[in-house]
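[1] Predicted model and sequence follow; I will ask about them next.
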Amino acid sequence: VPYWITVCVSVVMIWIYTHASGIRTIIWMNFLQTFFLLLMLVLIIAGVMHKMDLTLDTTVSMIASDSHSRIFEFGDWSSRQYFFKQFISGIFITIVMSGLDQGMMQKNLSCKNLKEAQKNMCWYGFSFIPLNFLFLTLGVLMLHFAQHQQVTLPVVSDEILPLFCTSYLGQPILIFFTIGVIAASFSAADSALTSLTTSAC
């Protein structure tokens, strides 16, 4: 399907549901995006475990013993993962994402009062912990699965997950992966379009 057709169809669909209910639909789309993203992650992890005949215990011990699952890097200050670099950049990313991004702020502005908005931001921040943990788990499993299947990984890391979903994990996983990608793209696009509208008006 040509790229311009995909863009036009997506924008028209976003306009239709946003025109119907405004910010409420944006919030629901974000909820659906998160739900399908989590569902996709869990299903892909389960699919990889099934393909490698892993139990939950062996999966946990495999991930715990893998060097890629180390969360904090304190030793090598020149590393991109060095803790204090990540910590300081995380502060600035949070300011930019939540404080300066109209797409993020319009969700907080739609809360009933300041306390609800503060609670919303705190829950949003804490929700990243299990989500990042699931992505980390998936990343380590993908590396082991690639060795198990003797697959040469793509040079671009963003192509690894699509490669496995389209070629190795079966049709059901591919369907949920596609739904997850569509949900994520709609959620990003509708927030951006509504933000532009808000700023213009």
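    Right, received. Where do you want to start? What you see is a predicted model; the values in this text were computed from it and never measured.

[2] going forward, measure contacts between C-alpha atoms and count neighbours the same way
    Fine.

[3] chain center to the biggest helix by length in the chain, what's the gap?
    For the chain, the helix with the greatest residue count under DSSP state H is helix 114-149. Centroid separation between helix 114-149 and its chain, computed with Cα atoms, centre = their mean, to the nearest Å, is 8 Å.

[4] helices and strands around it, which ones?
    helix 23-51, helix 56-65, helix 102-109 (3 or more Cα pairs under 8 Å, 6 or more residues apart in numbering; DSSP states H and E).

[5] which element follows that helix toward the C-terminus?
    helix 160-167 (DSSP states H and E).

[6] what comes up buried for whichever helix or strand comes after that next one?
    With elements assigned by DSSP H and E, the helix or strand that comes after helix 160-167 is helix 171-200. By neighbour count with 16 or more other Cα atoms under 10 Å, helix 171-200 contains the buried residues 173-174, 176-184, 186-195.

[7] hmm, which helix or strand of the chain has the shakiest average pLDDT?
    Ranked by mean pLDDT, DSSP states H and E, the helix or strand of the chain with the weakest confidence is helix 102-109, at a mean of 69.

[8] So which residue is dead centre in this protein?
    Leu37 (6.3 Å; Cα atoms, centre = their mean).

[9] ok, that one - contacts?
    Gly180, Val181, Ala183, Ala184 (Cα atoms under 8 Å, 6 or more residues apart in numbering).

[10] Then Ala146?
    For Ala146, the contact set (Cα under 8 Å, 6+ apart) comprises Thr152, Leu153.

[11] And it, how close does it get to Ser65?
    Separation of Ala146 from Ser65 (Cα to Cα, to the nearest Å): 17 Å.

[12] next one: Lys107
    For Lys107 relative to Ser65 (Cα to Cα), the value is 40 Å.

[13] what do you get for Leu43?
    From Leu43 across to Ser65, the span is 23 Å (Cα to Cα).

[14] repeat for Phe83
    20 Å.

[15] How about Thr18?
    Relative to Ser65, Thr18 is positioned 47 Å away (criterion: Cα to Cα).

[16] Those two: who's more crowded?
    Set Thr18 next to Ser65 and count neighbours by other Cα atoms under 10 Å: Thr18 wins out with 18 against 10.

[17] Mind telling me what element the more buried one is part of?
    According to DSSP H and E, Thr18 maps onto helix 3-21.

[18] That helix packs against which elements?
    helix 23-51, helix 171-200.

[19] hey, least reliable of those helices by pLDDT?
    The weakest mean pLDDT among the helices and strands packed on helix 3-21 belongs to helix 171-200, with a mean of 76.

[20] helices and strands around that one, which ones?
    Counting contacts by 3+ Cα pairs under 8 Å, 6+ apart, helix 171-200 is packed against helix 3-21, helix 23-51, helix 102-109, helix 160-167.

[21] Using TSV, please lay out those helices together with distance to Arg70.
    Formatted as TSV, these follow (distance: least, Cα to Cα, whole Å):
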stretch	distance to Arg70
helix 3-21	39
helix 23-51	19
helix 102-109	30
helix 160-167	20
